[in-house]
Every structure is written in C-alpha cells, then in structure tokens.
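Asker: Give me coordinates for this.
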Amino acid sequence: MKQKIAISWSGGKDACLALHYLLKSQEYVVDHLHTVIGEETNRVGMHGIKKELIEAQATAINIPLKINYLPSDKSNISYEKVMLDYALYCKSKGINIIAFGDIFLEELRNYREEKMAEVGMKCIFPLWKKPTKEVIKEFLNLGYQTKLCAADASKISKDIVGKTITQDFLQDFPKDVDPCGENGEFHTFVYNGPLFQNPIDVHLKSIQSQFYEYQIEKEGETKAIKSEFYFANFE
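Answerer: Got it, this is the predicted structure:
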C-alpha cells in the first residue's frame, strides 16, 4: 500500500522534478502541495512568485494546494511556528512524510529533519546528491519549461531574468553558479511540462530589485553584508 505524503512546493524546477519522481513511484501517493506565502507580500519567499500563479500550477497539475501564511516579521521563530502548525495539519490527515526538492545542502536537510522529527514527521529528498548538471538536463529533456524568476545580482545578469531556461541559456552562467542554483544563485517558476494539463500563461511585466542586509561570522569577525536580488514580476 502506498504511503500518503505531501511535498514542499516553491513552484520551481527542483520541487517539480521531485514531484515528477514521486508521482511515478510505487511507494507514495501525493496528497497535496504545500507552499508558504508571505502574509504581507502575497508571494513565495525568495522566488517572489504571486500566490495566484502557484494556485494556477496546482490547478494545472491537478493536485490540491495547502497554503500557510508567514507573518510580516518573517522571523525564523514565525517560520518554525508556521511549519509546526502545518506538520500538525499533516498528522491530522494521516500524513507523516514531507518531500523536499533539496539536492546537496547538508545543513538545510539536517534542519528540516530535526524540526520535523520534533513532531514525529519524516522527510524525504528525491533529488538528494544527484549531480546538479544531470538534474537540470533531465528536467529539460523531460519537456518541462521554466522561467528564471529571481537571481542574485552579483552572479546573474539582469537581462536574463524572466526568460525561459534552456541548455544554451545555462552555458552563459558564470562558472561559480550552480546549474540548479542550489546555493541560492537563482530561482525558477515552472509553467509547462509532462505533469501539466495545460501550460500557464505567464508574462514578464517588470524586473524589480531588492536589497537584503545580514551578518556573517568569518575568521572570528562579524561582517555586515548587503546583497541585491532581481525579481521578475510575472502576470
């Protein structure tokens, strides 16, 4: 008997390929997609994708969508409270496993597993340790189409934000950019492919810039960092 699971859904290529694997699996049945939306922005975190477009994906894929809203303070405490509430919701539906599209970030995986274990939930990672060049190649070869929706301005040129990713497109990335953007260099929005009953009609309206300030510890010193991200405003 297949186990009922949920999948963390950002709307991007890695989550989509993970879902592709799960739906072809003989072990699991996907009950719903789960997305955290900013209460203030009505968008998905670092992807900057509007709630309406995530809803359009769920409709096109024909899988229910569960949305939780992150309070405007965007603090880690608030995020963990949101995820705890969501985990309890899953357990009430007989779901004890959540899938994620992470590929190689050990700290992130450990964090997810530790937090979910606190409430008796397990995590699975269908793409774990797959070479990222192979992941993006397989994703595109399967026929999925995805647009670059957010990018680190220090790594990615503004003029390619909002465009559809192709193999040729990837050749133009700097060598220090992971092919899947696994280090946070860029994010994507999938609008068509084998799981979609119909393509999502998505158009670039504008590109916006946003600055983030944070601190890092390096060699015993605290350094203030200010980084810029580009966001595609899709309609």
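Asker: residue ranges with poor pLDDT in this structure?
Answerer: Segments of the chain classed as low confidence (criterion: pLDDT under 70) are 214-220.
Asker: residue boundaries of the strands in it?
Answerer: Assigned by DSSP state E, the chain shows strands spanning 3-8, 28-38, 43-44, 49-50, 65-70, 97-99, 122-124, 145-152, 186-192, 204-218, 221-234.
Asker: Next, the angle strand 65-70 makes with the second one.
Answerer: Interaxial angle, strand 28-38 versus strand 65-70 (axes from the mean of the first three to the mean of the last three C-alpha atoms, to 10 degrees): 30 degrees.
Asker: so what's Gln145 up against?
Answerer: Gln145 makes contacts with Thr164, Val190, Tyr191, Asn192, Gly193, Pro199, as judged by C-beta atoms under 8 Å, 6 or more residues apart in numbering. Placement of C-beta: from N, CA and C, glycine included.
Asker: Which of those residues sits closest to Val135?
Answerer: For those, the minimum distance to Val135 (C-beta to C-beta) is 13.5 Å, reached by Val190.
Asker: any idea how far Ser206 lies from Gly48?
Answerer: Look at Ser206 and Gly48: by C-beta to C-beta, to the nearest Å, they are 11 Å apart.
Asker: between those two, who's got more neighbours?
Answerer: Of the pair Ser206 and Gly48, Gly48 is the one with more neighbours under other C-beta atoms under 10 Å, namely 21 against 10.
Asker: so what's the nearest residue to that one once chain neighbours are set aside up against?
Answerer: Counting by C-beta to C-beta, 6 or more residues apart in numbering, Gly48 lies nearest to Phe231, which is 3.8 Å off, once chain neighbours are set aside. Contacts were defined as C-beta under 8 Å, 6+ apart; by that measure Phe231 touches Gly48, Cys149, Ala150, Val161, Ile207, Gln208, Ser209, Gln210.
Asker: In contact with the closest residue to Glu40 other than its chain neighbours, which residues are there?
Answerer: Among residues not flanking Glu40 along the chain, Ser72 sits closest, at 4.0 Å (C-beta to C-beta, 6+ apart). By C-beta under 8 Å, 6+ apart, the contact set of Ser72 is Gly38, Glu39, Glu40.
Asker: Looking at these, which one is closest to Ile5?
Answerer: Gly38 (25.2 Å).
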